[in-house]
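S.K.: model this:
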Amino acid sequence: MLHLDTGNTGFMILCSSLVMLMTPGLAFFYGGLVGRKNVLAIMIQSFMSMGWTTVLWWLCGFSMCFSGDLKSGTDLGGIIGNFNWAFLRGITPTTPSPSNDTIPLVVFCAYQMMFAIITPALITGAFTNRVTFKAYWLFLTAWLLFVYFPFVHMVWGGGLLSTWGVKDFAGGIVVHNIAGMAALASVIYVGRRRVIDQGLHSIPLVALGTGLLWFGWYGFNAGSEFRVDSVTAVAFLNTDLAASFAAVAWLIVDWFLTRKPHFIGLLTGAVAGLATITPAAGYVSPATACLIGLVSGFVCYYAVALKNHLHWDDALDVWGVHGVGGFLGIVMLGVFASTLWNPGTSGGVDGLLRGGTHFFLVQVAAVSIATVWAFAFTLVMLWLIDRITPVKVPEVTEAVGLDEGLHGEHAYAVGG
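M.R.: Residues are numbered from 1 along each chain as shown. Here you go, the predicted model:
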């Protein structure tokens, strides 16, 4: 039964709007990082996810994620939900949210849809300038159905990993780790660019995108408490602390090694910190959030350096920032979680340093399973898509730029 709380409901509608804003922010962030000939091609992939993911969410996605659970035996093997809410049937304005009966289910549905939209869009930064739009559409569809929706159900929807006691406050496994590993698989399958962009075309666009992402991330993390309470405030503060410490750490390492304080390093470091704190935001102290940010700035920087050393053409560092950051955040949550900062409204638990050895082990096991599945399935999926339609654009299209070659458009006036 719905016990409507207008404060909680209004807050969650606001948070849904903030998370929605992150996808256009991601489009600007990625758009600034590519060359002038490929701006629209990378941006349309984010906006396409806004449209097509919403369609899939209405058709079956929300139901696959949140209807039924393993404990009651009403889902499908603890892997996906049943299809009782397909087409959002049976949901009325007075149906309560499973996470908090003071919020209507329709609000919960909208909030979770925004997560579904941005997660596959993150992957696009890895294979920029190389993938056909038709192949991307098939990729988006299959990846949501067979990777994202199952992991949402397993972690957040009462599925298998949830019954193990796995915690993921706002998406370390469900969003960042699986997106980052899918990005790495995509890079390995698609291969290197034949025509490399001549540097970043607009760092101001990257800064604008980072600002929108950072702003939206407060809804991403604080909203994952699904109510307004002290844990909401802790998650909000921890989000900013981790992003700031990571941004400065990345800047300092880059400055020391290259002798220049690069703006792009500061921006990338902030995103790494945001990704890493996401699973832990509502479970750890502000001091721990500072540590998580500091560690993520260093670790993700060197993950990107390793990628460069191995000549993986992850164009926009999705694996190093999101894949590694998500994995690191889940593991550090297993170490530092404390019921002193989350007494239980979000299922607070103690980590390794407070005697939670079992919790630490299930965190490591869960993120390892997610890593392997997202990587392996993405490789197989791309191979199957390639049998239907070519995944990689022809060399001539890559040379002329995907904006013109695929979409017949130009981001800027010719000669401008």
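S.K.: you'd agree F29 is up against G216?
M.R.: No - using Cβ atoms under 8 Å, F29 is not in contact with G216, being 11.3 Å away. (Glycine included, C-beta is placed from N, CA and C.)
S.K.: so what pLDDT did the closest residue to N100 other than its chain neighbours get?
M.R.: Leaving aside its sequence neighbours, N100 sits nearest to F226 (Cβ to Cβ, 6 or more residues apart in numbering; 4.5 Å). Note on F226: pLDDT of 96.
S.K.: from here on, call the first residue 222.
M.R.: With the count now opening at 222, the last piece we talked about shows up as F447.
S.K.: ok, back up a step: the more surrounded of F250 and G437?
M.R.: Under the criterion of other Cβ atoms under 10 Å, the comparison of F250 against G437 puts F250 first, with 27 against 24.
S.K.: mind listing what that one touches?
M.R.: F250 makes contact with L426, V427, L429, G430, T431, L433, L434, V492, according to Cβ atoms under 8 Å, 6 or more residues apart in numbering.
S.K.: please give the element, helix or strand, for the fourth one.
M.R.: Right, the one you point to is G430. Using DSSP states H and E, G430 falls within helix 424-443.
S.K.: distance from that helix to the middle of the chain?
M.R.: For helix 424-443, the gap between its own C-alpha mean and the chain's C-alpha mean amounts to 13 Å (Cα atoms, centre = their mean, to the nearest Å).
S.K.: following element in sequence after that helix, please.
M.R.: helix 451-479.
S.K.: buried stuff in the helix or strand following that next one?
M.R.: Tracing the chain past helix 451-479, the next element assigned as helix or strand by DSSP H and E is helix 484-498. For helix 484-498, burial by neighbour count (16 or more other Cβ atoms under 10 Å) applies to 485-498.
S.K.: check the offset of helix 484-498 from the chain's centre.
M.R.: Counting by Cα atoms, centre = their mean, helix 484-498 comes out at 14 Å from the chain centroid.
S.K.: output the contacting helices and strands for it.
M.R.: helix 424-443, helix 451-479, helix 507-530, helix 545-557 (3 or more Cβ pairs under 8 Å, 6 or more residues apart in numbering; DSSP states H and E).
S.K.: model confidence over it, on average?
M.R.: Computed over helix 484-498, the mean pLDDT rounds to 98.
S.K.: cool, stretch 316-334 as well?
M.R.: Per-residue scores along stretch 316-334 average to 96.
S.K.: try stretch 538-550
M.R.: Mean predicted lDDT for stretch 538-550 stands at 97.
S.K.: just the CA trace of it, in PDB.
M.R.: Listed next in PDB are the C-alpha coordinates belonging to stretch 538-550 (Å, rounded to 0.1, in the frame of the first residue of the first chain):
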ATOM      1  CA  ASP A 538      39.600   5.500 -21.500                       C
ATOM      2  CA  VAL A 539      36.300   3.800 -20.600                       C
ATOM      3  CA  TRP A 540      38.000   0.700 -19.200                       C
ATOM      4  CA  GLY A 541      40.500   2.600 -17.100                       C
ATOM      5  CA  VAL A 542      38.000   5.000 -15.600                       C
ATOM      6  CA  HIS A 543      34.800   3.000 -15.300                       C
ATOM      7  CA  GLY A 544      35.800  -0.600 -15.500                       C
ATOM      8  CA  VAL A 545      38.700  -0.300 -13.100                       C
ATOM      9  CA  GLY A 546      37.000   2.400 -11.000                       C
ATOM     10  CA  GLY A 547      33.800   0.300 -10.600                       C
ATOM     11  CA  PHE A 548      35.900  -2.800  -9.600                       C
ATOM     12  CA  LEU A 549      38.000  -0.800  -7.200                       C
ATOM     13  CA  GLY A 550      34.900   0.800  -5.600                       C
END
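S.K.: excluding chain neighbours, give the residue nearest to G518 in space.
M.R.: Once flanking residues are discounted, G518 sits nearest to A470: 2.7 Å by Cβ to Cβ, 6+ apart.
S.K.: pretty sure that neighbour contacts G490?
M.R.: Yes - counting by Cβ under 8 Å, G490 is a contact partner of A470 at 6.3 Å.
S.K.: list the residues that contact both of these two?
M.R.: Contacts common to A470 and G490, judged by Cβ under 8 Å, 6+ apart, are G518, Y522.
S.K.: looks to me like R414 is in a strand.
M.R.: No - applying DSSP: H, G, I helix; E, B strand; the rest coil, one finds R414 to be coil, outside a strand.
S.K.: leaving out chain neighbours, which residue sits closest to H628?
M.R.: L261 (5.8 Å).
S.K.: now L326: how far from G311?
M.R.: Relative to G311, L326 is positioned 10 Å away (Cβ to Cβ, to the nearest Å).
S.K.: ok, T578 next?
M.R.: Counting by Cβ to Cβ - T578 and G311 are separated by 42 Å.
S.K.: how about V395?
M.R.: Distance from V395 to G311, by Cβ to Cβ: 25 Å.
S.K.: if we can go back for a sec, list the buried residues in the helix holding G430.
M.R.: 426-431, 433-435, 437-443.
S.K.: now swap in stretch 522-540 and tell me
M.R.: The neighbour-count check on stretch 522-540 (16+ other Cβ under 10 Å) flags Y522, A524, V525, K528, W533, D534, D535, A536, L537, D538, V539, W540 as buried.
S.K.: next one: it to chain centre, how far?
M.R.: Remark: stretch 522-540 is offset 18 Å from the chain centroid, using Cα atoms, centre = their mean.
S.K.: that one spans what distance, first to last residue?
M.R.: Terminal residues of stretch 522-540 lie 11 Å apart, using Cα to Cα, to the nearest Å.
S.K.: so what's T592 up against?
M.R.: N398, I399, M402, G544, F548.
S.K.: let's go with 7 Å and repeat that
M.R.: Contacts for T592 (Cβ atoms under 7 Å, 6 or more residues apart in numbering) come out as N398, M402, F548.
S.K.: what helix or strand does the second one sit in?
M.R.: When you say that, I think you mean M402. Judged by DSSP H and E, M402 forms part of helix 399-411.
S.K.: quick one: average pLDDT of that helix?
M.R.: 97.
S.K.: helices or strands up against it?
M.R.: helix 326-344, helix 539, helix 578-609 (3 or more Cβ pairs under 7 Å, 6 or more residues apart in numbering; DSSP states H and E).
S.K.: the same query, at a cut-off of 6 Å, please.
M.R.: On a contact count with 3 or more Cβ pairs under 6 Å, 6 or more residues apart in numbering; DSSP states H and E, helix 399-411 meets helix 326-344, helix 578-609.
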